[in-house]
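[1] Predicted model, plus sequence, below.
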Amino acid sequence: MSLAPYAADPAHSRGREFALAAEGTRGPRSPFQRDRDRIIHSIAFRRLAGKAQVFVAPDGDHYRVRLTHSLEVAQIGRVIARSLTLDEDLTEALCLAHDIGHPPFGHSGEDALAAALAQHGGWDHNEHCLRVLMRLERPYCDAVGLNLSWEVLEGLAKHNGPVTQAGWALAELDAAWSLDLVQWPSLEAQVAALADDIAYDNHDIDDGLRAGFLQLDDLLSLDFLAEQWDAVRARHPQAPQALQLRELVRDQIGAMVNDLLVTTRANLAGVTSVGEVRRAGRPLAAFSPEWAGRERRLKAFLYERLYYHPEQLRTAAVASQVIARLYAAFAADPALMGPNWAASLPHDATGQARHIADYIAGMTDRYAIDCYRRLFGEVPEGLSNV
């Protein structure tokens, strides 16, 4: 399938930070296919299997974690990219890598690290994603990081749009290899960001219902979901409610994807190059105003009823304390991180703080809990609420 003129063309990639000595010797893959494969084979990607999506260290096997969420984002992103004749491999690579920077315990872990590094430039999971991919993950003999293509890295750096004030992590990386932070990213990056929204908006409903944190009657307070629910029941009147609810989630995903495709195609009228996409001054991949409003209402609902649920807030407070105590323990005695991490500890205070944060951010939820148990002789209560 030929690419649209506004798609990112792997044949015209801006390349890699470090030149590959053996490009093309390990199978007939495009640069973006190679990037996707490097991400999948990375240790950082495997660790997503042990990192919270909504629920921390859930006891149930059916709840989503960062890894399963990333796979679902990639599935949605591929469908959209194929429909728009964009580069599917670049889109998939961006979707798979977008959450690699998350620490244990999700946003509560991020808040704890940001507080610990308040005097050292702070901490941000989006910027840490780039730090992992460009510096911390080191599987190759002739390069630092995964050495991904420029288009993957700039798409991850700017998935929410141009960056006018980069934090220390992104600023350091951009100084080493400019990612043109002030321009809009490729359509593939814009699609990946929206695929993320579509996935977690709807799959978090699924997990929230499973956990009992969300109730159907509450969901139906949103008129567009009530309309979808009536349509599902009309099509499948005899089906058990549990199956009807899963049908509702699928219908909602389909409606959002279809709206995005119609709106984006209209926005692309007259666009003939990826350069025009970058210079457009606005995102071209987008929902219609109607569905953008619905998406904002759904997100607000999820924050109120799920993410800020009293049980979730109690768990988040415990998780933040775990990260804070781990950080304090490693700062007091870096040897507790193990010989490799202790031996590479920088000499200056800021470098040490960031080094310790790198170590903690790489932990899975369960590893952080086990580490806490080893150091403090107790298991923190309340870290699994489902």
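    Cool, got the structure.

[2] all helices of the stretch 201-350 of the chain, in order?
    216-219, 223-235, 241-267, 274-278, 289-302, 310-332, 339-343, 349-361 (DSSP state H, counting those that start in this stretch).

[3] Output those as CSV; include the columns mean neighbour count and mean pLDDT.
    In this view, the C-beta of every residue, glycine as well, is placed from N, C-alpha and C. Formatted as CSV, those follow (neighbours: other Cβ atoms under 10 Å; pLDDT from 0 to 100):
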stretch, mean neighbour count, mean pLDDT
helix 216-219, 14, 94
helix 223-235, 15, 98
helix 241-267, 17, 97
helix 274-278, 18, 97
helix 289-302, 16, 98
helix 310-332, 18, 96
helix 339-343, 12, 96
helix 349-361, 19, 98
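
[4] Now tabulate these in a markdown table and tack on distance to residue 13.
    Formatted as a markdown table, the helices of the stretch 201-350 of the chain follow (distance: least, Cβ to Cβ, whole Å):
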| stretch | distance to residue 13 |
| --- | --- |
| helix 216-219 | 43 |
| helix 223-235 | 40 |
| helix 241-267 | 23 |
| helix 274-278 | 11 |
| helix 289-302 | 31 |
| helix 310-332 | 38 |
| helix 339-343 | 34 |
| helix 349-361 | 28 |
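
[5] Any idea which of these gets closest to residue 166?
    With Cβ to Cβ as the criterion, residue 166 lies closest to helix 349-361 of the helices of the stretch 201-350 of the chain, at 15.1 Å.

[6] mind checking how far the closest one is from the chain centre?
    A distance of 21 Å separates the centroid of the chain from that of helix 349-361, by Cα atoms, centre = their mean, to the nearest Å.

[7] For the closest residue to residue 345 other than its chain neighbours, which residues are in contact?
    Ranked by Cβ to Cβ, 6 or more residues apart in numbering and with sequence neighbours excluded, the top spatial neighbour of residue 345 is residue 334, at 5.0 Å. By Cβ atoms under 8 Å, 6 or more residues apart in numbering, the contact list for residue 334 reads 341, 342, 345, 352, 356.

[8] cool, and residue 71?
    Counting by Cβ under 8 Å, 6+ apart, the residues that residue 71 touches are residue 96.

[9] what about the host helix or strand of it, distance to the chain center?
    Taking DSSP states H and E as the criterion, residue 71 maps to helix 66-83. Relative to its chain's centre, helix 66-83 lies at 11 Å (Cα atoms, centre = their mean).

[10] Please save the CA atoms from the next helix or strand after it in PDB.
    Using DSSP H and E, the helix or strand that follows helix 66-83 towards the C-terminus is helix 88-97. Provided in PDB are the C-alpha atoms of helix 88-97 (Å, rounded to 0.1, in the frame of the first residue of the first chain):
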ATOM      1  CA  GLU A  88       1.500   2.000  10.200                       C
ATOM      2  CA  ASP A  89       4.900   0.900  11.600                       C
ATOM      3  CA  LEU A  90       5.800   4.400  12.800                       C
ATOM      4  CA  THR A  91       2.300   4.800  14.400                       C
ATOM      5  CA  GLU A  92       2.600   1.400  16.100                       C
ATOM      6  CA  ALA A  93       6.100   2.200  17.400                       C
ATOM      7  CA  LEU A  94       4.800   5.400  18.900                       C
ATOM      8  CA  CYS A  95       1.800   3.700  20.500                       C
ATOM      9  CA  LEU A  96       3.900   0.900  22.000                       C
ATOM     10  CA  ALA A  97       6.500   3.200  23.500                       C
END
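
[11] next helix or strand past helix 88-97?
    Note on helix 88-97: by DSSP H and E, the next helix or strand toward the C-terminus is helix 106-116.

[12] Tell me which residue of the chain is furthest from the middle?
    Distance to the chain centre peaks in the chain at residue 238, reaching 37.7 Å (criterion: Cα atoms, centre = their mean).

[13] burial count for residue 374?
    9 (other Cβ atoms under 10 Å).

[14] Need the per-residue pLDDT for it.
    For residue 374, the pLDDT comes out at 96.

[15] and it, which of the three is it?
    Three-state assignment for residue 374 (DSSP: H, G, I helix; E, B strand; the rest coil): helix.

[16] and the gap between it and residue 322?
    Noted for residue 374: a distance of 13 Å to residue 322, by Cβ to Cβ, to the nearest Å.

[17] same thing with residue 294?
    37 Å.
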